[in-house]
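No sequence on hand, only this structure:
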């Protein structure tokens, strides 16, 4: 299924537009930023899709991608010819004081959870319309180790993503899902908006979200929110593991501990709710 590469209203690029500040150098910068904006929204696009969305020739889009790739701003995915945001973006984001303090405060709690339960734990933040994993701790029982740091994951098919969607207001949620859609990642992905809304209500009621093979077959996960001093959800702690071991009954048994861990990090960020 091709990625939805439509540019949000107000961000379309028109190569014919003039103006005092629209010289070749400024135009190249504008186009490069547009590429990053598209990739942040889609999670990954082919060069041809980027060219079509921007209204430029494929060779122009290819030159932009090459320049961004050299600086680590984009990188190829496992699917040959498809690009996503790179680690350079993550390094820049880490320079933001609020983001950096979140990683620092969550790090020991992530590791403690991984050591206690033996599974992989991740810290994710919401950027544009995707969940971005910014830190990870591995438990001693973790198998098929996968480095999730820097991965851009869809909101509708991941435990952390559902945390972020659940805590958006109705307008914000509509805007995100209209831009991203709910494409199936596996046969178990929730692709119905009504079913997803019902699931998100359950997330708000219970304080955690769980997914069972919705992102990858054989992978289950559970996540809880992290709040800042203003009462906003600024991150999510998730734990994932193979479906044969990380079953629904085990997930239910550790949810109280995960919620407590999320509250600990939140308290360190000044949350008093």
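Perfect, thanks for sending it. These numbers come from a predicted model, not from an experiment. Numbers count the residues shown, from 1 in each chain.

where along the stretch 1-150 of the chain do the helices fall?
24-42, 47-54, 58-70, 87-94, 97-117 (DSSP state H, counting those that start in this stretch).

what's the last one in contact with?
By Cβ atoms under 8 Å, 6 or more residues apart in numbering, the list of residues contacting helix 97-117 from outside reads 93-94, 120-123, 125, 134-140, 142, 226, 228, 234-235, 237, 239, 254, 257-258, 261, 264-265, 268-269. Glycine gets a C-beta too; all of them are placed from N, C-alpha and C.

ok, now which ones touch the closest residue to residue 152 other than its chain neighbours?
Distances taken as Cβ to Cβ, 6 or more residues apart in numbering place residue 130 nearest to residue 152, at 4.4 Å, with adjacent residues excluded. Applying Cβ under 8 Å, 6+ apart to residue 130 gives the contacts 40-41, 43, 152-155, 161.

For residue 119, give its distance to residue 243.
For residue 119, the distance to residue 243 equals 12 Å [Cβ to Cβ, to the nearest Å].

Which one's more surrounded, the two?
residue 119 (27 against 14; other Cβ atoms under 10 Å).

how deep is the residue nearest to the more buried one when sequence neighbours are not counted tucked in, by neighbour count?
Spatial nearest neighbour of residue 119, chain neighbours left out: residue 241 (4.1 Å); criterion: Cβ to Cβ, 6+ apart. As a burial measure, residue 241 scores 25 neighbours (other Cβ under 10 Å).

before we move on, what about residue 225?
25.

Spell out the secondary structure type for it.
Here residue 225 is recorded as strand under DSSP: H, G, I helix; E, B strand; the rest coil.

Offset the numbering so it begins at 2, please.
All right, first residue 2 from here; so that's residue 226.

Can you check the pLDDT for it?
Looking at residue 226, its pLDDT is 98.

Can you tell me how far it is from residue 132?
12 Å.

Residues in contact with both of the two, list them for me.
Common neighbours of residue 226 and residue 132 (Cβ under 8 Å, 6+ apart) are residue 237.

Just confirm residue 47 contacts residue 78, I think it does.
No - counting by Cβ atoms under 8 Å, residue 47 stays clear of residue 78, with 9.9 Å between them.

Next, the angle from the lowest-mean-pLDDT helix or strand in the chain to helix 59-71.
The weakest-scoring helix or strand in the chain, judged by mean pLDDT, DSSP states H and E, is helix 88-95 (a mean of 72). Inter-element angle recorded for helix 88-95 and helix 59-71: 60 degrees (by axes from the mean of the first three to the mean of the last three Cα atoms, to 10 degrees).
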